[in-house]
Structures are given as structure tokens and as C-alpha cells.
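*Asks:* What follows is a predicted structure for the sequence shown.
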Amino acid sequence: TLDRSSAASDVYKRQAGSNLAILQAQTGLSLTVVSQNVILNSGATTVAVPVTLDGDSNKKVASAAFSLDYDSACLQYVSVDFNGISGDFEKVVTNNAGDLDIAIYDADSPKAQFEAPSTIATVTFTVLCQVDGSTPINFSNSPAPSLGNPGGQPIAVTPVNGAVTIDWNSAPTDITLSATTISENQPISTTVGTVDKVDADSGDTWTFTLVAGTGDTDNASFAINGTTLVAGPSFNFEVKKEYSVRVQVSDGKGGIYEKQFTITVADVNETPTALALDNNSVIEDLGSADQVVANVTVTDPDNADAYS
């Protein structure tokens, strides 16, 4: 309830008291709490909720007073911004947990004025409840919202309630890779494996990318196409046996997870490519069999093979 000694209360009294008897037939204006959607990850999140004046732009408004009811267990009041209202107006804000009273008026004469459409206040809350759902922000009926014209007469107004809809986002908690081994000498852009996520939310849209960070040493040698990790070049086991990449998954709502993977190059038996003799002649009449004529040298990418 309002503090009846406050300036805001005076505005309510002036507009909602005896002047009701001379309420003019003025219609077509509404005060609207503009509903908001907010995605909540870990940590504090704020949401800005505009209160707008809509309707007949020919109606000049010189004062406004209203009270907003909200769930203080879910929303914590932070501040009110009056950037849409002239500095000629007095602005009075009184907040009790769950009850926010706002009054805008000009005590001088001639009266400052505003008209529809305009944002007359933007209320910022910190979102406290960490659940999916909607929490209402309603205009109080006691006292009811009121507007006044420059002559001090009340203007009929229709209140339109709003809400903050909360999407409590669970961030991904792991990344899996279906295979971490690739054979050497494969064509360029050969598939290594398929990446997947572990995420409690089933309806998100996930994006996988290679990112900088611990374990990103060989990112440049790979690419991710959708959910497929592919090798850039053709790998050679005899040159390098392991590669390291860092993969990130984003759920599109601010939740991310990163993980390092080691890709192992598997050795493939390769055919010798050449033979060489260190001697290509023999002396006749050596006198015995099984004399060494020459040593055979094998050229083979696989240096550790045994030959026969």
C-alpha cells in the first residue's frame, strides 16, 4: 500500500478522489507492462521491463500514478529509469518487497505533458528464481492506475498486465567424440569422428567449433562440419603420431562447454618403394659357395619393418 504522506499518494488522492465525479469521457489510453523473456544461466541476471503509454496520441497527459505487484521471491527490484519522460516532471518511487509505487507529475504551471505512444518508466529487476516458468507483474487495483490531463482532470486508462517468462538454461556438461583414431595416408578432409553433447535440455540448438585454449595445438589441422570432425591434411604416422584439438559446444542460450581431445594417427603398413645393392659385380672362381656378393638396402616409409 502507499504511504499516504508521500507525494505519490497525493497524486493518487488528487486524481482518484473527488475528481472522479467529473471524469471526462476520455477513453483509448492504456498503461502496459511489456512482457519480457529472459534466458537464465548460472549467476545473476537482470531484466528490464518497460511500462508504456499506448493509444490515442491526441490525449495530453500531465500526470500518472500506478502500483506494480510482483513476486519478490522471484524478482528483486533494482531501479526505475525515466529516460522517456521530460526532466520537468517529478518522479516518486516507493518500493516495498513485491509492491512498487510510481508517480509522475509536474507541480508547476503550466504543466509538462507527454502523450502516447511513450515509455514512461523502465523497471529493472534481478531474476532470483532458477526455474522455467512465468512470473506476473500486475497493476494493483488498490489504488488503481490513474492518469491526469493538464487541467488536473482524470483520464480513463486501461491497465494491461505483463509477465517475465524465464527459460532456466542448463549448460552442456560434456562433449563426446565417436572416434579418436585416424589411419595415416588418408585423403584430405577424411572424417575422424562425430561430436555430440551431454545436456539436460533437449530443445536447444547446439553448435560445435574448434576454439583457442588449453589443448588447441593442432586445431589448424582439423575442421568441424556440423557435428563431424574432419582432418585437413593427410597425416603421416612416421612424421607425427598424435594431434591435439580443443572443441567447444554452445547451446545458443549462453551455455558453453569445452573439452580437449587427442587424435591418434594409426600406422599403416606401406609397401617398400625401392631396393639398392651396395655391390653389383662378383669375382669369378672365388673357390667356395655362399660368398657375400652384396648387401641389399630397402627404401620403405616404415623404418621399423623386418624384411626377408
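*Replies:* Structure's in. What do you need?
*Asks:* quick one: the helices in the stretch 1-150 of the chain?
*Replies:* 7-16 (DSSP state H, counting those that start in this stretch).
*Asks:* Quick test: name the residue nearest the centre of the protein.
*Replies:* Most central in the chain under CA atoms, centre = their mean is residue 254, positioned 2.9 Å from the mean C-alpha point.
*Asks:* Pretty sure residue 28 sits against residue 55.
*Replies:* Yes - Residue 28 is in contact with residue 55 according to CB atoms under 8 Å; the separation is 4.6 Å. For every residue, glycine as well, the C-beta is placed using N, CA and C.
*Asks:* So between the two, which is more surrounded?
*Replies:* For residue 28 versus residue 55, neighbours defined as other CB atoms under 10 Å are more numerous around residue 55 (18 against 15).
*Asks:* ok, that one to residue 158 distance?
*Replies:* For residue 55, the distance to residue 158 (CB to CB, to the nearest Å) stands at 8 Å.
*Asks:* shared neighbours, those two?
*Replies:* Between them, residue 55 and residue 158 share the neighbouring residues 29, 30, with contact defined by CB atoms under 8 Å, 6 or more residues apart in numbering.
*Asks:* what's the residue nearest to the centre of the chain in contact with, if anything?
*Replies:* By CB under 8 Å, 6+ apart, the neighbours of residue 254 are 39, 41, 169, 171.
*Asks:* So which of those residues sits lowest on pLDDT?
*Replies:* Within the contacts of residue 254, residue 41 has the lowest pLDDT, namely 81.
*Asks:* and that one, how many neighbours does it have?
*Replies:* Under the neighbour criterion other CB under 10 Å, residue 41 is assigned a count of 16.
*Asks:* Nearest residue to it in space, please, no chain neighbours.
*Replies:* Counting by CB to CB, 6 or more residues apart in numbering, the nearest residue to residue 41 once its immediate chain neighbours are dropped is residue 254, at 4.7 Å.
*Asks:* my guess is residue 165 meets residue 39, correct?
*Replies:* No - Residue 165 lies out of contact with residue 39 (CB under 8 Å); the separation is 9.9 Å.
*Asks:* Which parts of the stretch 101-250 of the chain are strands?
*Replies:* Read by DSSP state E, counting those that start in this stretch, the stretch 101-250 of the chain holds these strands, from start to end of the chain: 118-127, 133-139, 146-148, 154-155, 158-160, 162-168, 174-177, 181-183, 191-198, 207-210, 222-225, 228-231, 242-250.
*Asks:* Adding mean pLDDT and mean neighbour count, write those strands out as a markdown table.
*Replies:* Output for the strands of the stretch 101-250 of the chain, formatted as a markdown table (pLDDT from 0 to 100; neighbours: other CB atoms under 10 Å):
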| stretch | mean pLDDT | mean neighbour count |
| --- | --- | --- |
| strand 118-127 | 96 | 19 |
| strand 133-139 | 96 | 17 |
| strand 146-148 | 94 | 23 |
| strand 154-155 | 93 | 22 |
| strand 158-160 | 96 | 16 |
| strand 162-168 | 93 | 19 |
| strand 174-177 | 98 | 15 |
| strand 181-183 | 96 | 15 |
| strand 191-198 | 97 | 17 |
| strand 207-210 | 98 | 17 |
| strand 222-225 | 98 | 16 |
| strand 228-231 | 98 | 19 |
| strand 242-250 | 98 | 20 |
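*Asks:* Distance to residue 47 for those - can I get that in JSON lines?
*Replies:* Shown next, in JSON lines, are the strands of the stretch 101-250 of the chain (distance: least, CB to CB, whole Å):
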{"stretch": "strand 118-127", "distance to residue 47": "6"}
{"stretch": "strand 133-139", "distance to residue 47": "10"}
{"stretch": "strand 146-148", "distance to residue 47": "26"}
{"stretch": "strand 154-155", "distance to residue 47": "29"}
{"stretch": "strand 158-160", "distance to residue 47": "18"}
{"stretch": "strand 162-168", "distance to residue 47": "6"}
{"stretch": "strand 174-177", "distance to residue 47": "30"}
{"stretch": "strand 181-183", "distance to residue 47": "47"}
{"stretch": "strand 191-198", "distance to residue 47": "27"}
{"stretch": "strand 207-210", "distance to residue 47": "25"}
{"stretch": "strand 222-225", "distance to residue 47": "34"}
{"stretch": "strand 228-231", "distance to residue 47": "38"}
{"stretch": "strand 242-250", "distance to residue 47": "22"}
